[in-house]
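> Please find the sequence and the predicted model below.
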Protein chains: 2
Amino acid sequence: MNVPHAGFRKYIAIVGRRNVGKSSLINAIVGQDVAIVSDVPGTTTDPVYKTLELHPLGPVTLIDTPGLDDEGFLGEKRVERAKRSLYRADAAILVVDDVPTEHERFAVNLLRQLEIPFIIAINKLDLKNNLRDAYIDFGVPIVEVSAKTKTNIETLIKTVCDILPEEEPRPMLAHLIGEYRTVVLVVPIDTAAPKGRLIMPQVEAIRETIDHAATAVVTRDTELAQTLEKVNFKVDLVVTDSQAIMRVEKIVPKQIPLTTFSILESASKGDVKQFLEGIDALKNLKDGDTVAIVEACSHVPTCDDIGRVKIPRWISEKVKLELEYRFFAGKEFPEVEQLSNCKLMIHCGGCVLNRTAFMRRMRLAKRLNIPVVNYGMLISHLHGVLERVVEPILKKQG
Amino acid sequence: MNVPHAGFRKYIAIVGRRNVGKSSLINAIVGQDVAIVSDVPGTTTDPVYKTLELHPLGPVTLIDTPGLDDEGFLGEKRVERAKRSLYRADAAILVVDDVPTEHERFAVNLLRQLEIPFIIAINKLDLKNNLRDAYIDFGVPIVEVSAKTKTNIETLIKTVCDILPEEEPRPMLAHLIGEYRTVVLVVPIDTAAPKGRLIMPQVEAIRETIDHAATAVVTRDTELAQTLEKVNFKVDLVVTDSQAIMRVEKIVPKQIPLTTFSILESASKGDVKQFLEGIDALKNLKDGDTVAIVEACSHVPTCDDIGRVKIPRWISEKVKLELEYRFFAGKEFPEVEQLSNCKLMIHCGGCVLNRTAFMRRMRLAKRLNIPVVNYGMLISHLHGVLERVVEPILKKQG
């Protein structure tokens, strides 16, 4: 099995009281013609991960969470610990073997609060079979199973697969092409630009433009003014690299919609409204607060430059805030412990992530109650042009 | 050592009579702080290859050729066999240990005929040292060495490195940008186009255009007419994919220079005049002649499609020739034996090759006396538009 990196795998949490059969249910699922890929041992209060191949979904990681009624799991830190075991989950299976108790109600409330879709598995079908009515009011799919006799396990798998959030790829800019069928793409060539080629978001934007029967006009920022004259300013959209936004914003007449590759990427892969909430959260920050800077790729000098140098400098200059920065780079999202006390997450454009992987990160941030912004929107905000560059997208989203 | 594939390494042939010390000279060179990478054993009549690292040149393959006076090397097949041992050489060292004989004169004539630059190494400096005058008339650098005492080996290496042909990268289209500072790039999107991106020559053309302070206007062939109107036909150059040349040629007004990515690539990496000679050689072909179709990459369906299906079909349709085709794909150039009896070589655009690698292939074809054309120029020729699409390049070359 070719294991995709964690950003692309789906995570399913198995939740329930002790002794309802969570582990034996996982074994029953794993027994369904699947290959165990990895076992990460955990302690009583830490979740255990099992990655396996679930047809037709592909690779999935099952999270064996600690018992809801575990002693180490009670007390005032209970919510915090439960959240920690659930924060990666794309979906959950609440396993029960009797009528609902406060523990089941606690779990259901938490799953709803975290916006994790879930189903209920009534286990020990071999012993009892009259529990369905007791759970019908939760309004989620219920499957009666027996981990012991391996009854209905396939139905369980199918049911949980059905509720997993499916992230459809969204167009980047095709929906913003209008009557002129012309998009101008501004590609500043500075020392950070790779030699002899363009970066992927630029290539993708050109391709998407021509794929939708429009003309892609590519220019450096230094030739943008002449380029706009060449096409008589009959342009549906100008897209620029965020780093050149200040110069470009002055050149592009107000009546021409202007945005950045980064904003297009946010809207295509992430959630612009969640990012705007993140921008809004900036005003609650105070000197000394900790901020996480998260990059999906590693060792790209351009990213380093923006994330490690320019953004902290602009934050210091423009909003007069001296913050503590923690840097994370690479395809794995930081662990919840590493993000504790972070008051804001500043995420890169995520050009190496697809929508599934990016939306997972946005949901994780939401579950950790950490406001999140991305490089492009933050840079535009710090330079006072966010309203203009986000307008074409918001207008279209309505 | 990281061995570049054969197309990028330089080959140096060691030529001379038996017992002049060719092999010990190679050992002396190899002893100069170099690492032997591979030894390919040969027979008396086959050359032996040794790949090693020569600072500052990088990886080099030394070709230990059979003795010029070897018995198996005489007779009527002599020229053929000598050529076979030399056809890969970028440069040669003629090793001598006495005054010139018919063998040295034969070698010098052959090297000149094959346009292989060479130097003369007078070996056995420890025994004789008055031979320089006897070779001065050959007009090439002479180095007196002793393989035995390892004298002057560094000078020898430096001297041969100095005569190796150095292929400078040439611009693809920057020199064709004129007063309008606008280049239109036509990218037909058919089933063979890779999803969501552009191919490298297209990306390189866009980047080179904007790097030279011009505007790159990218469009599909289906939107080309409207696109030309958008820029008021003020265009220095239209570049199209060869496969769409027929449709594009009808759309682009005669006064606008038109060429193809393939022709630009030929001129940038290869030798347009040699290709035109290849086109000229087409008229000497007759039914049943064998033609080599050579692709630098492998397993790209687009290439397969053009090389294996379309070109043979067009040749059959347009010039009414039924030829025998031999297909070669991959980064290694075919061996001389595989090309024997080939009356023409049809080479792909070579987008995975740099100029050094491409020019090596063109020289090899020349040494084998095989006329060579490339896909783009052949396609344009077969469709009757070669004259137009090659004009912008020839005009500039003067």
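Structure's in. What do you need?
> May I ask you to confirm that A:Ser85 is in contact with A:Tyr49?
No - at 10.5 Å, A:Ser85 does not count as touching A:Tyr49 under the criterion of C-beta atoms under 8 Å. Where C-beta positions appear, they are placed from N, C-alpha and C, glycine not excepted.
> Compare neighbour counts for those two and give me the winner.
A:Ser85 (22 against 18; other C-beta atoms under 10 Å in any protein chain shown).
> touching chain B at all, stretch A:202-216?
Yes - with C-beta under 8 Å from any C-beta of the partner chain as the criterion, chain B is reached by stretch A:202-216 at A:203-204, A:206-211, A:213-216.
> Select only the buried ones of these in ChimeraX?
Restricted to buried positions by 16 or more other C-beta atoms under 10 Å in any protein chain shown, the ChimeraX selection for the residues of stretch A:202-216 next to chain B reads:
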select /A:203,204,206,207,208,209,210,211,214,215,216
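> all helices in the stretch 101-250 of chain A, in order from the N-terminus.
For the stretch 101-250 of chain A, the helices defined by DSSP state H, counting those that start in this stretch cover A:102-113, A:132-135, A:153-163, A:200-211, A:224-230, A:245-251.
> buried stuff in the shortest one?
It stands for helix A:132-135. A:134-135.
> again with the third one
Within helix A:153-163, the residues that qualify as buried by neighbour count (16+ other C-beta under 10 Å) are A:153, A:156-157, A:159-161, A:163.
> got the residues you listed as TSV, with distance to chain B and pLDDT columns?
As requested, these are exported to TSV (distance: C-beta to the nearest C-beta, whole Å; pLDDT from 0 to 100):
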residue	distance to chain B	pLDDT
A:Ile153	37	92
A:Leu156	35	94
A:Ile157	31	92
A:Thr159	33	95
A:Val160	31	94
A:Cys161	26	90
A:Ile163	29	93
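> from the residues you listed, which is closest to B:Ile279?
Nearest to B:Ile279 among those is A:Cys161, at 59.0 Å by C-beta to C-beta.
> related to what we said a few turns ago, okay, and the common contacts of A:Ser85 and A:Tyr49?
Here A:Ser85 and A:Tyr49 have A:Ile63 as joint contacts, going by C-beta atoms under 8 Å, 6 or more residues apart in numbering or on different chains.
> A:Gln243 reaches A:Val187, doesn't it?
No - when contacts are counted by C-beta under 8 Å, A:Gln243 is not listed as touching A:Val187 (10.8 Å).
> And the two? Which one has more around it.
Taking other C-beta under 10 Å, A:Gln243 and A:Val187 do not tie; A:Val187 has more neighbours (24 against 21).
> measure that one to A:Leu224 for me?
According to C-beta to C-beta, to the nearest Å, A:Val187 stands 10 Å off from A:Leu224.
> Contact partners for A:Met362?
A:Met362 makes contacts with A:270-271, A:274, A:372, as judged by C-beta under 8 Å, 6+ apart.
> Let me fix that, I meant to ask about A:Ile379.
By C-beta under 8 Å, 6+ apart, the residues touching A:Ile379 are A:242-243, A:245, A:262, A:306, A:310-311, A:314.
> now stretch A:95-104, how far from the centre of its chain.
Between the centre of stretch A:95-104 and the centre of its chain there are 31 Å (C-alpha atoms, centre = their mean, to the nearest Å).
> just stretch A:171-181 next, same as before
Taking C-alpha atoms, centre = their mean, one finds stretch A:171-181 lying 25 Å from the centre of the chain it belongs to.
> What mean pLDDT does it get?
Per-residue pLDDT values across stretch A:171-181 average out to 95.
> residues in contact with that stretch?
A:183, A:201, A:204-205, A:208-209, A:211-215, A:234-237, A:239, A:257, A:259, A:264-265, A:268, A:392-393, A:396, B:223, B:226.
> Please identify the helix or strand for A:Leu353.
Using DSSP states H and E, A:Leu353 is not contained in any helix or strand.
> Make sure it is actually in contact with A:Ala296.
Yes - with contacts counted by C-beta under 8 Å, A:Leu353 reaches A:Ala296, the gap being 5.0 Å.
> A:Ile142: what's it in contact with?
A:119-122, A:132, A:135-136 are the contacts of A:Ile142 under C-beta under 8 Å, 6+ apart.
> That one and A:Val160: what is the separation?
Noted for A:Ile142: a distance of 12 Å to A:Val160, by C-beta to C-beta.
> which residues do those two both contact?
Common contacts of A:Ile142 and A:Val160 (C-beta under 8 Å, 6+ apart): A:Ile119.
> Does A:Leu62 fall in a helix, a strand, or a coil region?
Taking DSSP: H, G, I helix; E, B strand; the rest coil as the rule, one finds A:Leu62 in the strand state.
> That one touches A:Ile26, doesn't it?
Yes - contact criterion C-beta under 8 Å: A:Leu62 and A:Ile26 qualify, at 5.4 Å.
> Please identify which of the two sits among more neighbours.
Taking other C-beta under 10 Å, A:Leu62 and A:Ile26 do not tie; A:Leu62 has more neighbours (27 against 22).
> nearest residue to the more buried one other than its sequence neighbours?
Nearest non-adjacent residue to A:Leu62, counting by C-beta to C-beta, 6 or more residues apart in numbering or on different chains: A:Lys50, 4.7 Å away.
> what helices or strands is the helix or strand encompassing that neighbour leaning on?
Assigned by DSSP H and E, A:Lys50 belongs to strand A:48-54. On a contact count with 3 or more C-beta pairs under 8 Å, 6 or more residues apart in numbering or on different chains; DSSP states H and E, strand A:48-54 meets helix A:22-30, strand A:36-40, strand A:58-64.
> If anything else comes up later, I'll come back, but that's it for now.
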